[in-house]
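Novice: Predicted model and sequence follow; I will ask about them next.
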Amino acid sequence: MRRVIIFKVLMLASALLAADPSAAEIRIIQSPGGQVGPFLDLFEKVRESGERVVIDGPCLSACTLVLSVVPGERICVTKRAVLGFHAARSVDRRGRFYAEPEASDAVLQAYPGPVRDWISRRGGLSSRLLLLKGRDLTAIYSRCR
């Protein structure tokens, strides 16, 4: 049985985003994360669409992969934006979680340099949730207009 890397609660990716076709933007208003695969597929489509991504609330766990897929110049943040990072983990057949250090390293390397540096300055990815918000966040990503 193939192991699936999970980050938090599985959620339909389409329910995480609200699209505004007149403004050609995708707005992330709340995402606790979920399985990596659907998020990567979704963000690849967003990248190909050319739409801007507005992070307007909590974007946790697998949701933060948007930073790895969509170009940074097409991402902006509001005052409500919060990015939450933690180490990758999987679940076994008995429902027990275990660490996936190789996956955590791969995810960390996929983030843009300033995000990687911020995570590293806080001890790296672990089971503890690291929250990037406020001034630290706007030092990396521009505020939405």
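Specialist: Thanks, I have the structure now. The structure displayed is predicted, hence computed values, not measured ones.

Novice: what's across from the closest residue to Ile119 other than its chain neighbours in the sheet?
Specialist: Nearest non-adjacent residue to Ile119, counting by CB to CB, 6 or more residues apart in numbering: Phe85, 5.8 Å away. No exception for glycine: its C-beta is placed from N, CA and C like everyone else's. Beta-bridge partners for Phe85, by DSSP bridges, are Leu130.

Novice: Give me the distance between Phe85 and Arg96.
Specialist: Distance, Phe85 to Arg96, using CB to CB, to the nearest Å: 22 Å.

Novice: what do you get for Thr138?
Specialist: From Thr138 across to Arg96, the span is 39 Å (CB to CB).

Novice: more neighbours, these two?
Specialist: Neighbour totals were compared for Thr138 and Arg96, and Thr138 leads with 15 against 8 (other CB atoms under 10 Å).

Novice: is it true that that one touches Val77?
Specialist: Yes - the pair formed by Thr138 and Val77 meets the contact definition of CB atoms under 8 Å, at 6.5 Å.

Novice: Near the residue nearest to Pro58 when sequence neighbours are not counted, how many other residues are there?
Specialist: Leaving aside its chain neighbours, Pro58 sits nearest to Val82 (4.7 Å; criterion: CB to CB, 6+ apart). Neighbour count for Val82, taken as other CB under 10 Å: 16.

Novice: My guess is Val82 contacts Leu129. True?
Specialist: No - taking contacts as CB under 8 Å, Val82 lies outside contact range of Leu129: 10.2 Å.

Novice: between those two, what contacts are shared?
Specialist: Residues touching both Val82 and Leu129 (CB atoms under 8 Å, 6 or more residues apart in numbering) are Leu60.
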